[in-house]
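*Asks:* This is the structure alone, sequence omitted:
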């Protein structure tokens, strides 16, 4: 079934779900920050367990702390080098959700089951990317500050940190949304192209029937 996307209706739904998500996210953010911290800590410990150096295993301490303005942040510290520490404001990592959720809910679907199924898939992808984002940020600081990291590792983690910080709130939500709805968007584009290609022939037929004048 072809589901058309009417621009005005889509924009209206998108704005409605955006303001709704933004309002509801304030009480949800602290809880979600603890969940994201636990997932990130587990993933970091998994990567550290794969290290060939026993001294590099399970070296990250990670917990939730509040910033000076009372907002939650993901705080991490190296156990062997306690001076290597930093914090990641939770809203920096989670901002893509405030855009992705409205995009998913505003897009037409054949049923509510399909709509929320797509939303669940999008959330799974974005949570994985957020965990990866936190992990790369931690590794980038370690590569600059902890002995044992080479120049290649510093360049790789530095690039990964800059890329995720620049793209996760802007590109990733649209990429996930477009990837999940790719068939629907292509179908819509083809329908518009076909409509446009039929207009000149219809116009010529009307001109032949009505005459030149």
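*Replies:* All right, it came through fine. Keep in mind the model is a prediction, meaning the values are calculated, not measured.
*Asks:* As a check, name the ranges of all helices in this structure.
*Replies:* Using DSSP state H, the helices of the chain run over 7-49, 90-106, 112-145, 151-167, 172-180, 182-210.
*Asks:* Burial-wise, tell me which of those helices comes out on top.
*Replies:* The highest mean neighbour count among the helices of the chain, using mean count of other C-beta atoms under 10 Å, belongs to helix 90-106: a mean of 20. Heads up, the C-betas are built off the backbone N, CA and C, glycines and all.
*Asks:* average pLDDT for it?
*Replies:* For helix 90-106, mean pLDDT rounds to 92.
*Asks:* What lies in contact with it?
*Replies:* Applying C-beta atoms under 8 Å, 6 or more residues apart in numbering, the external contacts of helix 90-106 come out as 10, 13-18, 20-22, 25, 29, 32-33, 36, 64, 71-74, 115, 118-119, 122-123, 126, 129-130, 133-134, 165, 168-169, 172-174, 176-177, 180.
*Asks:* Stretch 148-158 too?
*Replies:* The contact list for stretch 148-158 (C-beta under 8 Å, 6+ apart) reads 53, 56, 136, 139, 140, 142, 143, 144.
*Asks:* run the last query once more with 10 Å
*Replies:* 51, 53, 55-56, 135-144 (C-beta atoms under 10 Å, 6 or more residues apart in numbering).
*Asks:* of those residues, the lowest pLDDT goes to which?
*Replies:* residue 55 (65).
*Asks:* so what's the residue nearest to residue 125 when sequence neighbours are not counted up against?
*Replies:* What sits nearest to residue 125 in space, not counting adjacent residues and going by C-beta to C-beta, 6 or more residues apart in numbering, is residue 176, at 5.2 Å. By C-beta under 10 Å, 6+ apart, the residues touching residue 176 are 96, 100, 103, 104, 121, 122, 123, 124, 125, 126, 129.
*Asks:* go on, residue 8?
*Replies:* Taking C-beta under 10 Å, 6+ apart as the definition, residue 8 has no contacts.
*Asks:* re earlier: using a markdown table, lay out the helices of the chain together with distance to residue 78.
*Replies:* Formatted as a markdown table, those follow (distance: least, C-beta to C-beta, whole Å):
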| stretch | distance to residue 78 |
| --- | --- |
| helix 7-49 | 11 |
| helix 90-106 | 20 |
| helix 112-145 | 7 |
| helix 151-167 | 14 |
| helix 172-180 | 28 |
| helix 182-210 | 41 |
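*Asks:* out of the ones you listed, nearest to residue 83?
*Replies:* For residue 83, the closest of the helices of the chain is helix 112-145, at 7.9 Å, according to C-beta to C-beta.
*Asks:* didn't residue 25 look like it was pressed against residue 17?
*Replies:* No: counting by C-beta atoms under 10 Å, residue 25 stays clear of residue 17, with 11.8 Å between them.
*Asks:* and stretch 104-122, how far out from the chain's middle?
*Replies:* Here stretch 104-122 is found 16 Å from its chain centre; the criterion is C-alpha atoms, centre = their mean, to the nearest Å.
*Asks:* Quick one: end-to-end distance for it.
*Replies:* Stretch 104-122 has an end-to-end distance of 8 Å (criterion: C-alpha to C-alpha, to the nearest Å).
*Asks:* same thing with stretch 82-95?
*Replies:* End-to-end for stretch 82-95, by C-alpha to C-alpha: 29 Å.
*Asks:* can you check stretch 101-111 too?
*Replies:* 17 Å.
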